[in-house]
Each structure stands twice: as C-alpha cells, then as structure tokens.
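J.: no FASTA, just this:
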C-alpha cells in the first residue's frame, strides 16, 4: 500500500502544473524563495524542475514585456504614465532577480489580498500585475 501511495505522490509531483509555482512567486509573502525551498526539498539542490520554473517565468515575463511594448508603441502615453523604464524589469542576474523579487517579503502569516496588491502596484510593475 505504501508503494502505491508513493507512486501516486511521485506521479502528481513529477508533472505538476507550472502555474502553481507562478502563483506562489507573485504572492508577496512567498516569492521565489519558497519555490526554491520546496524544489530543493523535493528534488535536491540545482534541480531541473527549478530551472524549468525559472525559464517559464522568464519566458512568460518576456511575453508580457512584448505585449506591453506593442501597446506602448501604439499608445505612447502608457510608457510615460508608468514612469518605469521597460529595461528595469529585465533579469538583474542569472538567478531571475527582478526588482519585485529583490524587495522584502511581508510576513507569511499576515492576511494579504494578493490581487488587491497587484491592482495597487499596477503602475510600478505593469507586466507583473498583468501576469498576477
């Protein structure tokens, strides 16, 4: 029975939905550190799964950057309204450190409305707010 349970556990964690990780990353209580912690516990240090999450996050962010640049080229008032340079959101280092990820997390036990946060910060982090 334990072997069957382990096989089921392994099956579901092997092919988990990448959106679960992305949801945690945009939650200002957890961000990338929690995904890294869980990945290390489940798959070991430097796992392919963590690299996959990071690459998906980068590609998704770049897709939103592309959408934003297309809309800003047709509507120049958007970029001047945000007051943020598009290059400010490019990875700061190899380890996917966006300005948002580098900011301090809030206490994980505090009540937090993640969607309300992203609505309030939509001009500071427009692409990340759309992703959230």
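T.: Yes, it's here. Source: prediction; values computed, not measured. Residues are numbered from 1 along each chain as shown.
J.: So what's the residue count around residue 51?
T.: As a burial measure, residue 51 scores 11 neighbours (other Cβ atoms under 10 Å). Where you see a C-beta, it was placed from the backbone N, CA and C, and this is true even at glycine.
J.: Do you know the pLDDT at it?
T.: In this model, residue 51 is scored at 86, pLDDT.
J.: Give me the three-state assignment for it.
T.: Judged by DSSP: H, G, I helix; E, B strand; the rest coil, the three-state class of residue 51 is helix.
J.: Same question for residue 36.
T.: Residue 36 - assigned by three-state DSSP - is helix.
J.: what about it, how many residues close to it?
T.: 17.
J.: excluding its backbone neighbours, what's nearest it?
T.: residue 50 (6.4 Å; Cβ to Cβ, 6 or more residues apart in numbering).
J.: centroid residue for the protein?
T.: residue 25 (3.9 Å; Cα atoms, centre = their mean).
J.: residue boundaries of the helices in this structure?
T.: Using DSSP state H, the helices of the chain run over residues 2-14, 18-25, 31-43, 48-74, 76-82, 99-102, 114-120, 126-131.
J.: Assess the claim that the residue nearest to the centre of the chain and residue 33 are in contact.
T.: No. Here residue 25 lies out of contact with residue 33, judged by Cβ atoms under 8 Å, at a distance of 9.5 Å.
J.: Low-confidence stretches in the protein?
T.: Scanning the chain for pLDDT under 70 picks out 13-16, 67-98.
J.: quick one, what contacts the spatially closest residue to residue 43 that is not a sequence neighbour?
T.: In this structure, residue 43 finds its nearest non-sequential neighbour in residue 49, 4.9 Å apart by Cβ to Cβ, 6+ apart. Taking Cβ atoms under 8 Å, 6 or more residues apart in numbering as the contact definition, residue 49 lies against 39, 42-43.
J.: Are any of the residues you listed buried, and if so which?
T.: In terms of neighbour count (16 or more other Cβ atoms under 10 Å), the buried residues within these are residue 39.
J.: now, among the contacts of residue 49, which is nearest to residue 122?
T.: Nearest to residue 122 among the contacts of residue 49 is residue 39, at 29.0 Å by Cβ to Cβ.
J.: List the contacts of that closest one.
T.: So residue 39 contacts 47, 49-50, 53 (Cβ under 8 Å, 6+ apart).
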